[in-house]
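Visitor: fold the stuff below for me.
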Amino acid sequence: MNIKKKAISTFIILVIAIAAFGMAGYLGFTRTRIGSFDTFRDKYNMYEWSGFYVYFSGTISKAVFPKTDYMGFNVQSGASAEHGINVTVKCGDMIVFEKENITDGTYFFPVYGRAVITIKTEGHQGSFYTIKTPQLPKGAGNMYLYGEEHGNAKIMEGEFELWDSYYHNDGMRDLFLEIPYFTAQYLNVWMQSDNDDILYEVYDDIDGTQVHTEAFLELFKNIKNSCPETVFHGIDVGHQHATTGGRYLEYLRENGYDESSYEYVTTVENMDQGRYYQRTGDSVYRENMMAQNFIIEYEKVFGKDIMGIFGYAHTIPDGMECYTGKVPCMANRLNDFYGGTVSCTSLVDLKYDNEPLSTETIVLNGKEYTASYFGAVDISSLLPDYSTREVWRIEDAYEDLKDVPTIANVLPYTNYPLAVQTGQVFKIVYTMKDGTVFTEYHRSDGNTWNGMDVTQQILVKT
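Guide: Modelled structure (predicted):
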């Protein structure tokens, strides 16, 4: 009996020890060192970490719990240092910051709770430290971000008019775009050339995407002709890494940029972002990288006013990442980071004529209304079981139906084939692939979902 009790006690102690070790690891109290350390010392608690050394070669990893939604990381190198350090920061399974061969500089990036920092180097001399409560930038210029529906000719015409005005009337020169870093840089080379060869290379590389339209070519040609000092800034992950990315790397090599140059290193990092996104489809990762890349790119022109063009879902001031809703969208993050200097405007309504195709009379709750028909939209690519969505605007019905009960079914304004305003009522008819047809009635009360303006289904008698 005593032997059994002793065995049970030993087992319980072992379990507690294992649990304590695991919790210590989660809280960041376990310390992993691999490699050679020379007079390495560090200061560490749950919220920050710093390391000082004459020489450090190998790998070290620790966890911190930032007190804000942003964290800073600083690296300093001695005068005789020959190597930088590679830094990776992960929150859960998501990489929120990754950069190779850092020698000097401070970087800021979004974080989500516990952050695991891994540092690797082949022999760095100097120090590093995290910034647990970063002082967010002051003195940033005004950032005018515009949300678009990709590839729409009317919207892109409006974008050029806006940029032309900012360029000539306000002296702006920096245009931020939802394209990779290397694509923007390659287009900057094109801006200085006497032909359109590079533009057409980029255009061919985006074949199969929403922006592969004549309107894309028209926008950039207009910018080159009317706003020749424009500088493009790309902040997306490295789409077209194997094509445009490869061409830009070749351009760098042919023009004397070595593999340690900022342009070369940043291009490779951007290409790696694209490969990761292509492999995983991780939309949260992409949204995070867009915010991080924007911050890094804006540091080059800090204090200047800039304009930006992005997909609408990235430009909602209080919006969340549109596919999962797990993290703030890019503009939401930027608005927090730059202290309210970010202005967001949707251009989606520019695509609409707002003139109905026809009208008819319908009866709702025993009263007749005029219903303006705005056509059918093919939604099969978004909803495989569906074929079309038809929309009618029920004229002058809101006051009569504003108190009708709603149910938990919403539709974003951007899904309508017309500009939606608060205080309207709509009839929506869906046709399924199997021929089934069903009808919904929606009301626009000014509600939002995941930061997007939405209508909500109402219960009416027909």
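
Visitor: and the residue nearest to the spatial centre of the chain, what element?
Guide: With distances taken as CA atoms, centre = their mean, the residue of the chain nearest its centroid is residue 287 (2.7 Å). Taking DSSP states H and E as the criterion, residue 287 maps to helix 283-298.

Visitor: for residue 89, same thing?
Guide: strand 85-91.

Visitor: name the residues that touch that strand?
Guide: Identification of contacts with strand 85-91 by CB atoms under 8 Å, 6 or more residues apart in numbering yields 56, 71, 73, 75, 95-102, 109, 111-121, 124, 128. Using the backbone N, CA and C atoms, a C-beta is placed for each residue, glycine as well.

Visitor: ok, the residue nearest to the centre of the chain to residue 298 distance?
Guide: Separation of residue 287 from residue 298 (CB to CB, to the nearest Å): 17 Å.

Visitor: show me the shaky parts of this protein.
Guide: Across the chain, the ranges flagged by pLDDT under 70 are 1-31.

Visitor: how is it partitioned into domains?
Guide: Under the assignment automatic domain parsing, the domains of the chain span 27-131, 143-350, 352-458.

Visitor: show me how far the shortest one is from its chain's centre.
Guide: If I follow you right, that is domain 27-131. Relative to the centre of its chain, domain 27-131 is centred 25 Å away, using CA atoms, centre = their mean, to the nearest Å.

Visitor: the closest residue to residue 366 other than its chain neighbours and residue 444, how far apart?
Guide: Of all residues not flanking residue 366 in the chain, residue 461 sits nearest, at 7.1 Å (CB to CB, 6 or more residues apart in numbering). To residue 444, residue 461 is 20 Å away according to CB to CB.

Visitor: the two: which has the busier surroundings?
Guide: Taking other CB atoms under 10 Å, residue 461 and residue 444 do not tie; residue 444 has more neighbours (21 against 8).

Visitor: show me what the strand or helix carrying the more buried one is packed up against.
Guide: Using DSSP H and E, residue 444 sits in strand 437-449. The criterion is 3 or more CB pairs under 8 Å, 6 or more residues apart in numbering; DSSP states H and E, and the helices and strands that strand 437-449 contacts are strand 406-412, strand 424-432, strand 452-458.

Visitor: and the spatially closest residue to residue 296 that is not a sequence neighbour, what element?
Guide: Using CB to CB, 6+ apart and skipping residues adjacent in sequence, the residue nearest residue 296 is residue 107, 7.4 Å away. Using DSSP H and E, residue 107 sits in strand 105-110.

Visitor: so the helix or strand following that strand versus strand 105-110, what angle?
Guide: For strand 105-110, the following helix or strand on the C-terminal side (DSSP H and E) is strand 115-131. Following axes from the mean of the first three to the mean of the last three CA atoms, to 10 degrees, one obtains 130 degrees for the angle between strand 115-131 and strand 105-110.

Visitor: can you give me the buried ones in strand 115-131?
Guide: Neighbour counts over strand 115-131 (16 or more other CB atoms under 10 Å) mark 115-117, 119-121, 123-131 as buried.

Visitor: run through the bridge partners of residue 50.
Guide: residue 43, residue 129 (DSSP bridges).

Visitor: nope, residue 428 is what I meant
Guide: According to DSSP bridges, beta-bridge pairing links residue 428 with residue 391, residue 440.

Visitor: coming back round to it: mind checking which of the domains of the chain is nearest residue 137?
Guide: domain 143-350 (6.0 Å; CB to CB).

Visitor: would you agree residue 80 is in contact with residue 126?
Guide: No: under the criterion of CB atoms under 8 Å, residue 80 makes no contact with residue 126, lying 9.9 Å away.

Visitor: ok, which stretches of this protein are helices?
Guide: 2-27, 153-170, 181-191, 197-205, 214-226, 246-254, 262-280, 283-298, 330-337, 398-401 (DSSP state H).

Visitor: in JSON lines: the ones you listed, plus distance to residue 142.
Guide: What follows is the helices of the chain, written out as JSON lines (distance: least, CB to CB, whole Å):
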{"stretch": "helix 2-27", "distance to residue 142": "42"}
{"stretch": "helix 153-170", "distance to residue 142": "9"}
{"stretch": "helix 181-191", "distance to residue 142": "21"}
{"stretch": "helix 197-205", "distance to residue 142": "29"}
{"stretch": "helix 214-226", "distance to residue 142": "20"}
{"stretch": "helix 246-254", "distance to residue 142": "30"}
{"stretch": "helix 262-280", "distance to residue 142": "26"}
{"stretch": "helix 283-298", "distance to residue 142": "12"}
{"stretch": "helix 330-337", "distance to residue 142": "12"}
{"stretch": "helix 398-401", "distance to residue 142": "36"}
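
Visitor: the ones you listed: which one's closest to residue 380?
Guide: Here helix 283-298 is closest among the helices of the chain (CB to CB), at 21.5 Å.

Visitor: for that closest one, packing partners?
Guide: Partner elements for helix 283-298 (3+ CB pairs under 8 Å, 6+ apart): strand 94-102, strand 105-110, strand 174-180, strand 231-236, helix 262-280, helix 330-337.

Visitor: which residues touch residue 73?
Guide: By CB under 8 Å, 6+ apart, the neighbours of residue 73 are 87, 89, 97, 106, 107, 109, 117, 128, 129, 130, 131.

Visitor: how does it look with 10 Å?
Guide: The contact partners of residue 73, taken as CB atoms under 10 Å, 6 or more residues apart in numbering, are 49, 87, 89, 97, 99, 102, 105-109, 115, 117, 119, 128-131, 134.

Visitor: how much space separates residue 75 from residue 34?
Guide: Counting by CB to CB, the separation of residue 75 from residue 34 is 19 Å.

Visitor: got the contact list for the closest residue in space to residue 80 that isn't next to it in sequence?
Guide: Using CB to CB, 6+ apart and skipping residues adjacent in sequence, the residue nearest residue 80 is residue 125, 6.5 Å away. Contact analysis of residue 125 by CB under 10 Å, 6+ apart lists 38, 53-56, 76-83.

Visitor: most neighbours among these, which one is it?
Guide: residue 56 (28 neighbours).

Visitor: Provide the partner residues of that residue in its beta bridges.
Guide: Under the criterion used (DSSP bridges), residue 56 bridges to residue 37, residue 124.

Visitor: how near is it to residue 37?
Guide: 6 Å.

Visitor: excluding chain neighbours, give the residue nearest to residue 415 in space.
Guide: Per CB to CB, 6+ apart, closest to residue 415 is residue 389, 7.4 Å.

Visitor: residues near the one you found, how many?
Guide: Neighbours of residue 389 (other CB under 10 Å): 21.

Visitor: does the residue nearest to residue 296 touch residue 99 like I think?
Guide: Yes: using CB atoms under 10 Å, residue 107 makes contact with residue 99 at a distance of 6.8 Å.

Visitor: joint contacts of these two?
Guide: Common neighbours of residue 107 and residue 99 (CB under 10 Å, 6+ apart) are 73, 75, 87, 89, 292, 296.

Visitor: tell me the one of those nearest residue 410?
Guide: Set against residue 410, the nearest of the shared contacts of residue 107 and residue 99 by CB to CB is residue 292 (30.6 Å).

Visitor: how close does residue 375 sit to residue 175?
Guide: 34 Å.
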